[in-house]
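just need the structure, nothing else, for what follows:
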Amino acid sequence: MKNNYLERKLRLKAEIYELNKLESFIEQICDDFHVYDYYFGNIVASNSLALEICIDCTNEKTFYFDIDFKKKPTGMFFTLKVYNCFLDFARQYEIVKDKSIDEQEAFNGEWRRMMMLHMLSDEIIIDSGKETFTMVFHVTGINEMLTNQRIELLQKYYEKLQVGVKQ
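All right, here's what the predicted structure looks like:
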């Protein structure tokens with residue numbers, strides 16, 4: 001199989017009307033990797049929430065929200081380039097990262113949204129040097145290996161059919 005689908009990029013204007021583009025981007029990725037059920041919901045919800053946070057924290061008229069997706073053996077990585085909102089993201093995450101669900105009630109506003117990102121993702125990685133915020137989902141795809149085997153078998157089957165038809 002071709003590996004060009006293992007990495008994708010999306011740039012959105014930080015406007016709420018761009019949400020449908022984000023959802024479509026994630027839906028295509030999840031379809032390609034056979035990720036459904038709650039992981040799909042978690043990925044859509046967390047990325048949408050991150051976009052919402054970026055929209056709320058910027059006053060610029062032409063602010064962009066960049067998403068780099070990478071599929072690795074350990075899971076799916078959605079890296080957000082949040083530009084001038086990064087410090088706000090990092091500060092808010094530092095406040096909530098070690099808190100339990102029970103302590104969530106003590107938070108409101110921005111902290112509550114960061115708590116939601118923390119709970120929806122399997123892991124969050126903050127890179128201050130690159131000003132990125134990465135949400136990791138430790139899912140490799142439901143039956144991905146089985147699907148790849150079936151594709152190979154079907155390709156072999158169709159190759160044999162074509163040889164038989166040409167004769």
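
residue 77 in helix, strand or coil?
Under the three-state scheme (DSSP: H, G, I helix; E, B strand; the rest coil), residue 77 adopts strand.

that one: how many residues sit nearby?
Using other Cβ atoms under 10 Å, residue 77 is surrounded by 17 other residues. Every C-beta, even on glycine, is put in place using the N, C-alpha and C of the backbone.

contact partners for it?
Counting by Cβ atoms under 8 Å, 6 or more residues apart in numbering, residue 77 touches 68, 69, 70, 71, 134, 135, 136, 137.

which among those residues end up buried?
Among these, those classed as buried by neighbour count (16 or more other Cβ atoms under 10 Å) are 68, 69, 71, 134, 135, 136, 137.

these two touch, right, the fifth one and residue 80?
Spelled out, that is residue 135. Yes: checked against Cβ atoms under 8 Å, the pair residue 135 and residue 80 is within contact range at 7.5 Å.

so which of the contacts of residue 77 comes closest to residue 57?
residue 135 (17.0 Å; Cβ to Cβ).

so what sits opposite that closest one in the bridge?
Beta-bridge partners for residue 135, by DSSP bridges, are residue 78, residue 124.

report the contact partners of it.
Contacts of residue 135 (Cβ under 8 Å, 6+ apart): 43, 46, 47, 50, 77, 78, 80, 117, 120, 121, 123, 124.

just the buried ones from those, in ChimeraX syntax?
Buried subset of the contacts of residue 135, written as a ChimeraX selection, criterion 16+ other Cβ under 10 Å:
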select :43,46,47,50,77,78,80,117,120,121,124
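
want to throw the contacts of residue 135 into a markdown table with distance to residue 25 and pLDDT?
A markdown table is the format used below for the contacts of residue 135 (distance: Cβ to Cβ, whole Å; pLDDT from 0 to 100):
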| residue | distance to residue 25 | pLDDT |
| --- | --- | --- |
| 43 | 10 | 94 |
| 46 | 13 | 92 |
| 47 | 8 | 92 |
| 50 | 13 | 85 |
| 77 | 14 | 96 |
| 78 | 10 | 96 |
| 80 | 12 | 89 |
| 117 | 18 | 82 |
| 120 | 17 | 86 |
| 121 | 17 | 88 |
| 123 | 21 | 90 |
| 124 | 20 | 88 |
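
what's the closest of the contacts of residue 135 to residue 98?
residue 124 (12.0 Å).
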